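Chemist: generate a structure from the sequence data that follows.
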Amino acid sequence: MRDNFTSILFKRKNLIVILTLIYLYNFNKLGNTIIRINSEGNSVFAFLSILESFIGPVRSFFILLRFGDINQIYELLKFEITNLASPYLYILMYFIVIKMEYNKDSPYNQENEHNNYILLDINT
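Modeler: Now for the predicted structure:
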């Protein structure tokens with residue numbers, strides 16, 4: 001079995017934190033506000049603007065499914081995947097990095113001498 005399975009889980013947690021911080025930084029720098037001033041003049045954390053960054057593209061996608069055409073849907077998906085202020089870019093980046101981490105020692109890698117599937121490893 002995989003000897004470094006716990007270290008991969010630890011790397012996943014670090015990766016989530018790093019990608020979240022990069023997302024929040026870009027979200028704020030590209031014109032969205034994370035901290036807003038309320039009517040009393042106090043700075044408050046604006047969770048709704050972050051929540052809207054998740055809900056807005058999904059809502060737009062469903063509206064385009066109903067009233068738009070395939071080119072508009074394609075343009076929306078292309079924009080959301082390449083937008084630095086979009087959380088979906090960082091979710092995609094997370095899965096790509098995790099996939100690369102797991103495939104680094106895949107059974108098709110010639111440097112390995114045994115099967116590295118966790119459930120199918122019979123060489124332990």
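Chemist: every contact and neighbour count from this point should use C-alpha atoms.
Modeler: Will do.
Chemist: for the top helix by length along the chain, the distance to its chain's centre please.
Modeler: If you go by DSSP state H, the chain has its longest helix at helix 5-29. Taking CA atoms, centre = their mean, to the nearest Å, one finds the center of helix 5-29 at 9 Å from the center of the full chain.
Chemist: what packs against whichever helix or strand comes after that helix?
Modeler: Per DSSP states H and E, the first helix or strand lying C-terminal to helix 5-29 is strand 35-37. Helices and strands touching strand 35-37, by 3 or more CA pairs under 8 Å, 6 or more residues apart in numbering; DSSP states H and E, are strand 43-45.
Chemist: sheet partners, orientation included, of the strand it packs on?
Modeler: strand 35-37 (antiparallel) (DSSP bridges).
Chemist: and the strand it pairs with, how far out from the chain's middle?
Modeler: Computed by CA atoms, centre = their mean, the chain-centroid distance of strand 35-37 equals 25 Å.
Chemist: what values do phi and psi take at the residue of the chain most remote from its centre?
Modeler: For the chain, the largest distance from the centre (CA atoms, centre = their mean) belongs to residue 40, which lies 35.3 Å off. When read as degrees, to the nearest 10, the backbone of residue 40 gives phi -90, psi 0.
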